[in-house]
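Chemist: What follows is a predicted protein model with its sequence.
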Amino acid sequence: MKDVVSVNRKLIRPSLSEIQEQMQGGRMGRRKPTPPDQTNAESFYYVKQMQARTPMVVVLDTGETIRGVIEWYDRNCIKVHRNGEPNLLIFKSCIRYIYKQSDAKNGSGESLNGE
């Protein structure tokens, strides 16, 4: 006959207060949904400016400014239509920022739209 060794095992259960604390911090096992990769804000802005044919100013990383109307865009670039000058295809990675030409400040430091 083999020797049988008896081991006293104790069942470990969380207390009721521990369960309540977990429930208050959020549902058990549930996490907040991750935010979307894209908000489509950029697309909305481009489409709005294209439809209104808003004169825009594009400032490049080099400091050069380009004035014209955004004709179309895709994931990597925008096409700017310029009057009297060649149209340009500009990579988005080269753009520092873009703003409406009407928001440009005049020589006295005041905004043209009165702000």
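Modeler: Cool, got the structure.

Chemist: so how far is whatever helix or strand Val69 lives in from its chain's centroid?
Modeler: According to DSSP states H and E, Val69 maps onto strand 65-73. Put simply, strand 65-73 sits 21 Å off its chain's centre (CA atoms, centre = their mean, to the nearest Å).

Chemist: the inter-axis angle of the next helix or strand after it versus strand 65-73?
Modeler: On the C-terminal side of strand 65-73, the closest following helix or strand by DSSP H and E is strand 77-81. Angle, strand 77-81 to strand 65-73, by axes from the mean of the first three to the mean of the last three CA atoms, to 10 degrees: 110 degrees.

Chemist: Neighbouring strands - and their directions - for strand 77-81?
Modeler: Next to strand 77-81 in the sheet, as set by DSSP bridges, lie strand 65-73 (antiparallel), strand 88-91 (antiparallel).

Chemist: Now that strand: average pLDDT?
Modeler: Per-residue pLDDT values across strand 77-81 average out to 96.

Chemist: Go ahead and name everything in contact with that strand.
Modeler: 46, 56, 58, 66, 68-73, 87-92, 95 (CB atoms under 8 Å, 6 or more residues apart in numbering). The C-beta positions use only the backbone N, C-alpha and C, and glycine is treated the same way.
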